[in-house]
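Trainee: let me see the structure of the following:
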Amino acid sequence: MESDIFLLIIFAVIGFFWLLPVLIIISSSKTRGGEKLAWVLAVIFISWFAWVFYLLLAPLKK
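Mentor: As a prediction, this is how the structure comes out:
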């Protein structure tokens, strides 16, 4: 029973850190609309490191 709770907490923490870049991009005012969606999809499907590129490159168009 205790090991199940421990595993649940571990998975919740991992899930939070996996979703953190997505939440930051969604709440950011750097981009809008389709560009924001593209960055979120890049983070989800390509790599978590796409978030680093978002921080460095967004917005793509001025």
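Trainee: neighbours of residue 40, how many?
Mentor: Residue 40: 19 surrounding residues under other Cβ atoms under 10 Å. Heads up, the C-betas are built off the backbone N, CA and C, glycines and all.
Trainee: and what of the one 4 residues further on?
Mentor: When counting by other Cβ under 10 Å, one arrives at 14 neighbours for residue 44.
Trainee: hmm, it is touching residue 22, no?
Mentor: Yes. The pair residue 44 / residue 22 is scored as a contact, 6.7 Å apart, by Cβ atoms under 8 Å.
Trainee: where do the contact lists of the two overlap?
Mentor: By Cβ atoms under 8 Å, 6 or more residues apart in numbering, residue 44 and residue 22 have no common neighbours.
Trainee: ok, now how distant is residue 24 from residue 1?
Mentor: Distance, residue 24 to residue 1, by Cβ to Cβ, to the nearest Å: 35 Å.
Trainee: between those two, which has more neighbouring residues?
Mentor: residue 24 (13 against 5).
Trainee: okay, now residue 21: neighbour count?
Mentor: 22.
Trainee: spatially nearest residue to it (excluding sequence neighbours)?
Mentor: Nearest non-adjacent residue to residue 21, counting by Cβ to Cβ, 6 or more residues apart in numbering: residue 51, 3.5 Å away.
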